[in-house]
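> sequence and predicted structure, then a few things I'm wondering about:
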Amino acid sequence: MTTVDASGYAPEWLRLREPADARARSSSLVDTLALPTPVVVRDLGCGTGSMSRWLTGRLPHPQRWILHDQDPGLVRLAVAGVPDATGSVLDVTRLTADDLSDTSLVTASALLDLFTADEIRRLVDACAGARVPALLTLSVVGQVALTPPHPLDDAVGAAFNAHQRRDDRLGPEAVAFAAAEFAARGFTVHRAATPWRLGAEDAALIETWFQGWVSAAEEENPGLDLSTYRRVLDSVVVEHEDLLALP
């Protein structure tokens, strides 16, 4: 995910970032999809349901959504906001091809960079075994640009990226790794740059994101002297990538 804030991935944080997520995701990748009817979309790490809200109107046919998250409270919120959706608490790192037998499309948003190499391989194997396309959006790639800049920006960014790689997670390397794994199994892989471009209208999101970004960097590298680092930012660019894998 794009940040680690003090409250974890709380509904308030997910709602705050939803407009920026919606602006950033690649509509052109969605236009590449050709799905048979009926369309059954399985959303992994659904959060409050922002992916379904963004994608529903962009697919040409009515859909049935199946929403998964490890947080039962988020599943309830997501299902309540999506007509005719169902949901369940699920460890999405353990999906199998059998789990996807009735699925037309697998989706996820801001999730892939939380996975380890083995977890990504299991996800790819499940999609390959079921011959299901996957649309995996908003994976961080380890690059940000802050205005005004500060001499410590690069050091803080490096510490944050290292924090993203804790516990063998791939963090900024996840989307490239997943693309290679899908390609090795015969999928056609499309990638698109999908940066957050945040300005004055996103002041609340910038402040919350920046606090989380700095806190993660400090946790990773306590030796950083950030006593003069925090400031009011005019704009932020957070680089992401979307990935579409077609069997």
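In hand now; what should we look at?
> what's the helix ranked longest in the chain packed up against?
In the chain, taking DSSP state H as the definition, the longest helix is helix 203-220. Packing partners of helix 203-220 (3 or more C-beta pairs under 8 Å, 6 or more residues apart in numbering; DSSP states H and E): helix 11-24, helix 153-164, strand 196-198, strand 235-246. All C-beta atoms are positioned from the backbone trio N, CA, C, and that covers glycine.
> Throw those into TSV and include distance to residue 217 and mean neighbour count, thanks.
Formatted as TSV, the helices and strands packed on helix 203-220 follow (distance: least, C-beta to C-beta, whole Å; neighbours: other C-beta atoms under 10 Å):
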stretch	distance to residue 217	mean neighbour count
helix 11-24	18	18
helix 153-164	4	19
strand 196-198	18	19
strand 235-246	14	21
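> of all those, which lies closest to residue 90?
helix 11-24 (17.7 Å; C-beta to C-beta).
> just the angle for the closest one relative to helix 203-220, thanks.
Computed with axes from the mean of the first three to the mean of the last three C-alpha atoms, to 10 degrees, the direction of helix 11-24 lies at 110 degrees from that of helix 203-220.
> what lies in contact with helix 11-24?
For helix 11-24, the external contacting residues (C-beta atoms under 8 Å, 6 or more residues apart in numbering) are 2-3, 5, 7, 47-48, 50, 53-54, 73-74, 77, 109-110, 137-138, 194-198, 202, 204-205, 208-209, 240.
> buried sites along the strand ranked longest in the chain?
With residue count as the measure and DSSP state E as the assignment, the chain has strand 134-147 as its longest strand. By 16 or more other C-beta atoms under 10 Å, the buried positions in strand 134-147 come out as 134-142, 144, 146.
> between these, which is closest to residue 83?
In terms of C-beta to C-beta, no member of these lies closer to residue 83 than residue 135, at 20.2 Å.
> in the sheet, who's paired with the closest one?
residue 107, residue 244 (DSSP bridges).
> CA atoms only: put stretch 28-41 into CSV for me.
Taking only C-alpha atoms (Å, rounded to 0.1, in the frame of the first residue of the first chain), the coordinates of stretch 28-41 have been written out as CSV:
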residue,chain,number,x,y,z
SER,A,28,-6.7,2.2,-20.8
LEU,A,29,-5.9,-1.2,-19.3
VAL,A,30,-9.5,-1.8,-18.6
ASP,A,31,-10.3,-1.0,-22.2
THR,A,32,-8.1,-4.0,-23.1
LEU,A,33,-10.3,-6.4,-21.3
ALA,A,34,-12.8,-8.6,-23.1
LEU,A,35,-14.7,-10.6,-20.6
PRO,A,36,-17.4,-13.3,-21.2
THR,A,37,-20.8,-12.9,-19.6
PRO,A,38,-21.8,-13.3,-16.9
VAL,A,39,-19.0,-11.3,-15.4
VAL,A,40,-17.8,-12.4,-11.9
VAL,A,41,-15.2,-10.2,-10.4
